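>>> got a sequence here, can you build the structure:
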Amino acid sequence: MKRVELFAAAVIAMMALVTGCVYTHVLTPYDTNLDKTVLGQKTGKAAMHSVLWLVAWGDASTEAAAKEGGIGVVNHMDREFLNIFFGVYTETTTIVYGD
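Reported below is the predicted structural model:
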């Protein structure tokens, strides 16, 4: 019975270590004080990309996202992250909301 328990513990540990390595797509807020957040009427996005850990391109800055959305005053920001197969392809997007 000890071997079965040890094997189960090893499998759970391995699953915890590789969670999200094959595919991850998450959206998180940049703010921590979200109780009175007003998003605004406009949305802008800016992204950067990476392939095979060798090549990266793009501009995911707040300024680029605000310019893309025609936003003069940024009220809130989110970050979107996409990872495919241990980082073979990654994309990070800054999303801004404002007026």
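
>>> element containing the spatially most central residue of the chain, please.
Centrality entry for the chain: nearest residue to the mean C-alpha point is Phe81, 2.2 Å, by C-alpha atoms, centre = their mean. Here Phe81 is covered by strand 74-84, with elements defined by DSSP states H and E.

>>> could you give the mean pLDDT of that strand?
What strand 74-84 shows for mean pLDDT is 91.

>>> listing partners with orientation, what would you give for that strand?
Using DSSP bridges, strand 74-84 pairs in its sheet with strand 23-29 (antiparallel), strand 89-98 (antiparallel).

>>> just the buried positions in stretch 40-52, please.
Neighbour-count burial for stretch 40-52 flags 40, 42-44, 46-48, 50 (criterion: 16 or more other C-beta atoms under 10 Å). For glycine as for every other residue, the C-beta is placed from the backbone atoms N, C-alpha and C.

>>> can you tell me how far the closest residue in space to Glu91 that isn't next to it in sequence is from Ile71?
Excluding the flanking residues, the one nearest Glu91 by C-beta to C-beta, 6 or more residues apart in numbering is Leu82, at 4.3 Å. Leu82 sits 23 Å away from Ile71, going by C-beta to C-beta, to the nearest Å.

>>> looking at the two, which is more packed in?
The residue with more neighbours, out of Leu82 and Ile71, is Ile71; 20 against 16, by other C-beta atoms under 10 Å.

>>> sec struct for that one, please.
Classification of Ile71 by DSSP: H, G, I helix; E, B strand; the rest coil places it in coil.

>>> also Ala10?
Relying on three-state DSSP, one would call Ala10 helix.

>>> in its sheet, what does the helix or strand where Thr43 lies sit against?
For Thr43, the host element (DSSP H and E) is strand 42-51. When pairing is defined by DSSP bridges, strand 42-51 lines up against strand 55-58 (antiparallel), strand 89-98 (antiparallel).

>>> among the ones you listed, which is the most enclosed?
strand 89-98 (a mean of 20; mean count of other C-beta atoms under 10 Å).
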